[in-house]
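Undergrad: Below: sequence and its predicted model.
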Amino acid sequence: MLMETKPRRSTYVPQEIEPKWQKIWVGRGVMKASDKSPKPTYYDLVMYPYPSGDLTVGHARNYVMGDILARMKRMQGFEVLHPFGWDAFGLPAENAAMKRGVHPETWTLENIAKGKRELKMLGILYDWDREVTTCMPDYYRWTEWLFLFFYERGLAPTSRSWTGAASAAAPWSWRGCSSSGSSRSPTTRSAS
(Lines give C-alpha, C1' and ligand atoms only; values in the text may rest on other atoms or scores of the structure.)
Protein backbone atom coordinates (compact mmCIF):
# COMPACT_ATOMS: atom_id res chain seq x y z
CA MET A 1 0.00 0.00 0.00
CA LEU A 2 1.43 3.33 -1.07
CA MET A 3 1.02 6.33 1.16
CA GLU A 4 0.11 9.59 -0.38
CA THR A 5 2.38 12.41 0.55
CA LYS A 6 1.93 16.08 0.16
CA PRO A 7 3.97 17.25 -2.82
CA ARG A 8 7.02 19.29 -1.97
CA ARG A 9 7.40 22.77 -3.29
CA SER A 10 8.52 22.32 -6.87
CA THR A 11 9.72 25.82 -7.60
CA TYR A 12 12.14 28.20 -5.99
CA VAL A 13 10.80 31.74 -5.91
CA PRO A 14 13.69 33.96 -4.75
CA GLN A 15 11.45 36.99 -4.19
CA GLU A 16 9.63 35.00 -1.49
CA ILE A 17 12.56 33.26 0.21
CA GLU A 18 15.64 35.47 -0.13
CA PRO A 19 14.38 38.63 1.63
CA LYS A 20 13.49 36.59 4.73
CA TRP A 21 16.97 35.11 5.08
CA GLN A 22 18.80 38.28 4.10
CA LYS A 23 16.96 40.12 6.88
CA ILE A 24 17.96 37.41 9.37
CA TRP A 25 21.63 37.56 8.24
CA VAL A 26 21.71 41.35 8.59
CA GLY A 27 20.06 41.12 12.02
CA ARG A 28 22.64 38.60 13.20
CA GLY A 29 25.53 40.57 11.66
CA VAL A 30 26.74 37.46 9.88
CA MET A 31 28.80 39.48 7.41
CA LYS A 32 30.52 41.75 9.94
CA ALA A 33 34.11 40.99 10.88
CA SER A 34 35.28 41.76 14.38
CA ASP A 35 38.71 43.33 14.75
CA LYS A 36 38.97 41.75 18.22
CA SER A 37 37.95 38.19 17.43
CA PRO A 38 40.11 35.38 18.83
CA LYS A 39 39.37 33.33 15.69
CA PRO A 40 41.94 32.94 12.92
CA THR A 41 41.37 35.64 10.30
CA TYR A 42 40.72 35.42 6.59
CA TYR A 43 40.63 38.36 4.16
CA ASP A 44 38.47 37.78 1.09
CA LEU A 45 38.79 40.65 -1.38
CA VAL A 46 37.16 40.54 -4.80
CA MET A 47 37.81 42.85 -7.71
CA TYR A 48 36.01 46.18 -7.35
CA PRO A 49 33.91 47.07 -10.40
CA TYR A 50 34.05 50.29 -12.37
CA PRO A 51 30.70 52.01 -11.73
CA SER A 52 30.62 53.27 -15.31
CA GLY A 53 27.54 51.24 -16.21
CA ASP A 54 25.36 48.34 -15.16
CA LEU A 55 26.63 45.25 -13.40
CA THR A 56 26.49 42.16 -15.61
CA VAL A 57 26.15 38.42 -15.17
CA GLY A 58 29.96 38.33 -15.38
CA HIS A 59 30.17 40.55 -12.30
CA ALA A 60 27.68 38.34 -10.47
CA ARG A 61 29.70 35.24 -11.34
CA ASN A 62 32.86 36.78 -9.88
CA TYR A 63 31.18 38.02 -6.70
CA VAL A 64 29.25 34.79 -6.07
CA MET A 65 32.54 32.86 -6.18
CA GLY A 66 34.05 35.22 -3.58
CA ASP A 67 30.92 34.87 -1.45
CA ILE A 68 31.11 31.07 -1.58
CA LEU A 69 34.72 31.23 -0.39
CA ALA A 70 33.83 33.66 2.43
CA ARG A 71 30.94 31.45 3.58
CA MET A 72 33.12 28.34 3.53
CA LYS A 73 35.81 30.07 5.61
CA ARG A 74 33.17 31.23 8.13
CA MET A 75 31.94 27.63 8.43
CA GLN A 76 35.54 26.54 9.00
CA GLY A 77 35.73 28.86 12.00
CA PHE A 78 37.48 31.89 10.53
CA GLU A 79 36.72 35.53 11.23
CA VAL A 80 36.19 36.65 7.62
CA LEU A 81 36.66 40.19 6.41
CA HIS A 82 34.77 40.37 3.11
CA PRO A 83 34.57 44.06 2.15
CA PHE A 84 33.40 45.64 -1.08
CA GLY A 85 34.13 48.79 -2.98
CA TRP A 86 33.96 50.67 -6.23
CA ASP A 87 36.90 51.44 -8.53
CA ALA A 88 35.44 54.82 -9.37
CA PHE A 89 38.50 57.06 -9.63
CA GLY A 90 39.31 57.50 -13.27
CA LEU A 91 38.34 57.88 -16.84
CA PRO A 92 35.92 54.96 -17.45
CA ALA A 93 33.12 56.46 -15.35
CA GLU A 94 33.88 60.00 -16.51
CA ASN A 95 33.85 59.03 -20.19
CA ALA A 96 30.62 57.04 -19.81
CA ALA A 97 28.94 60.02 -18.14
CA MET A 98 30.13 62.55 -20.69
CA LYS A 99 28.95 60.26 -23.51
CA ARG A 100 25.45 60.42 -21.97
CA GLY A 101 25.54 64.14 -21.18
CA VAL A 102 25.44 63.56 -17.41
CA HIS A 103 27.82 64.99 -14.83
CA PRO A 104 30.32 62.25 -13.90
CA GLU A 105 29.66 62.62 -10.17
CA THR A 106 25.92 62.10 -10.64
CA TRP A 107 26.43 59.22 -13.07
CA THR A 108 28.96 57.44 -10.86
CA LEU A 109 27.10 57.78 -7.56
CA GLU A 110 23.80 56.67 -9.13
CA ASN A 111 25.51 53.60 -10.63
CA ILE A 112 27.06 52.78 -7.26
CA ALA A 113 23.65 52.98 -5.53
CA LYS A 114 22.07 50.79 -8.21
CA GLY A 115 24.93 48.27 -8.13
CA LYS A 116 24.79 48.05 -4.35
CA ARG A 117 21.03 47.33 -4.46
CA GLU A 118 21.63 44.60 -7.05
CA LEU A 119 24.44 42.99 -5.05
CA LYS A 120 22.31 42.98 -1.91
CA MET A 121 19.50 41.26 -3.85
CA LEU A 122 21.98 38.49 -4.73
CA GLY A 123 22.40 37.88 -0.99
CA ILE A 124 26.18 38.23 -1.04
CA LEU A 125 27.46 38.73 2.50
CA TYR A 126 29.68 41.79 2.20
CA ASP A 127 30.64 43.83 5.23
CA TRP A 128 29.05 47.03 3.87
CA ASP A 129 30.35 49.01 6.85
CA ARG A 130 33.79 48.67 5.23
CA GLU A 131 32.73 49.74 1.74
CA VAL A 132 35.18 51.99 -0.11
CA THR A 133 34.64 54.23 -3.10
CA THR A 134 37.89 55.30 -4.68
CA CYS A 135 36.60 58.67 -5.94
CA MET A 136 35.66 59.86 -2.45
CA PRO A 137 38.06 62.02 -0.43
CA ASP A 138 38.05 59.65 2.54
CA TYR A 139 39.70 57.08 0.24
CA TYR A 140 41.87 59.00 -2.19
CA ARG A 141 43.37 61.22 0.49
CA TRP A 142 45.37 58.17 1.58
CA THR A 143 46.53 57.22 -1.90
CA GLU A 144 47.53 60.85 -2.40
CA TRP A 145 49.31 60.88 0.96
CA LEU A 146 51.21 57.70 0.07
CA PHE A 147 52.21 59.07 -3.33
CA LEU A 148 53.50 62.30 -1.79
CA PHE A 149 55.32 60.32 0.90
CA PHE A 150 57.12 58.28 -1.76
CA TYR A 151 57.63 61.27 -4.07
CA GLU A 152 59.28 63.37 -1.35
CA ARG A 153 61.71 60.53 -0.72
CA GLY A 154 62.53 60.01 -4.41
CA LEU A 155 60.68 56.68 -4.52
CA ALA A 156 57.88 57.65 -6.95
CA PRO A 157 58.33 57.58 -10.73
CA THR A 158 58.97 61.02 -12.14
CA SER A 159 58.41 60.35 -15.86
CA ARG A 160 54.92 60.31 -17.28
CA SER A 161 53.50 56.92 -18.01
CA TRP A 162 50.87 56.36 -20.68
CA THR A 163 48.18 56.35 -17.98
CA GLY A 164 49.45 59.59 -16.45
CA ALA A 165 49.52 61.29 -19.83
CA ALA A 166 45.97 60.13 -20.61
CA SER A 167 44.69 61.41 -17.27
CA ALA A 168 46.43 64.76 -17.70
CA ALA A 169 44.82 65.18 -21.11
CA ALA A 170 41.28 64.84 -19.75
CA PRO A 171 39.42 68.13 -20.40
CA TRP A 172 37.76 68.16 -16.97
CA SER A 173 37.32 65.94 -14.00
CA TRP A 174 34.95 65.67 -11.07
CA ARG A 175 37.57 64.07 -8.83
CA GLY A 176 37.30 65.83 -5.54
CA CYS A 177 34.28 67.92 -6.55
CA SER A 178 32.21 68.99 -3.63
CA SER A 179 28.47 68.66 -3.72
CA SER A 180 28.43 72.37 -4.56
CA GLY A 181 29.83 71.46 -7.98
CA SER A 182 33.25 73.01 -7.50
CA SER A 183 35.50 72.00 -10.38
CA ARG A 184 38.77 72.61 -8.54
CA SER A 185 40.34 69.31 -7.65
CA PRO A 186 42.07 69.18 -4.24
CA THR A 187 44.44 66.56 -5.65
CA THR A 188 46.06 69.00 -8.09
CA ARG A 189 49.54 69.87 -6.87
CA SER A 190 52.60 71.45 -8.37
CA ALA A 191 55.52 69.07 -8.88
CA SER A 192 58.00 71.80 -7.95
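TA: Perfect, I can see it now. Numbers count the residues shown, from 1 in each chain.

Undergrad: any low-confidence regions in this structure?
TA: For the chain, applying pLDDT under 70 flags the ranges 1-3, 5-7, 9, 160-192.

Undergrad: Let's check: the centremost residue of it is which one?
TA: The residue lying closest to the centre of the chain (Cα atoms, centre = their mean) is G85, at 1.9 Å.

Undergrad: Give me the nearest residue to it, chain neighbours excluded.
TA: V132 (3.7 Å; Cβ to Cβ, 6 or more residues apart in numbering). Glycine gets a C-beta too; all of them are placed from N, C-alpha and C.

Undergrad: check contacts around the one you found.
TA: 48, 83, 85-86, 139 (Cβ atoms under 8 Å, 6 or more residues apart in numbering).

Undergrad: nearest to P19, of these?
TA: P83 (23.2 Å; Cβ to Cβ).

Undergrad: Could you verify that the closest one is part of a helix?
TA: No: counting by DSSP: H, G, I helix; E, B strand; the rest coil, P83 falls outside a helix, being coil.

Undergrad: Check whether it really touches I124, as I assumed.
TA: No: in this structure, P83 is not within contact of I124 by Cβ atoms under 8 Å, at 11.6 Å.

Undergrad: who's more crowded, these two?
TA: I124 (21 against 18; other Cβ atoms under 10 Å).

Undergrad: For the more buried one, list the residues it contacts.
TA: 63-64, 66-67.

Undergrad: Serialize these to a markdown table and add fields for distance to Y43.
TA: Putting those into a markdown table (distance: Cβ to Cβ, whole Å) gives the following:
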| residue | distance to Y43 |
| --- | --- |
| Y63 | 16 |
| V64 | 18 |
| G66 | 11 |
| D67 | 14 |
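
Undergrad: Tell me the one of the residues you listed nearest E105?
TA: Once Cβ to Cβ is applied, the member of the contacts of I124 that ends up nearest E105 is Y63, at 24.8 Å.

Undergrad: Assign the closest one to helix, strand or coil.
TA: Y63 ends up helix, using three-state DSSP.

Undergrad: And the contacts of whichever strand or helix holds Q15?
TA: Taking DSSP states H and E as the definition, Q15 sits inside helix 14-28. Contacts to helix 14-28, defined as Cβ under 8 Å, 6+ apart, come from residues 31, 120-121, 123, 125.

Undergrad: again, only using 6 Å
TA: Residues outside helix 14-28 that contact it (Cβ atoms under 6 Å, 6 or more residues apart in numbering): G123.

Undergrad: cool, and stretch 133-140?
TA: By Cβ under 6 Å, 6+ apart, stretch 133-140 touches 86-89, 132.
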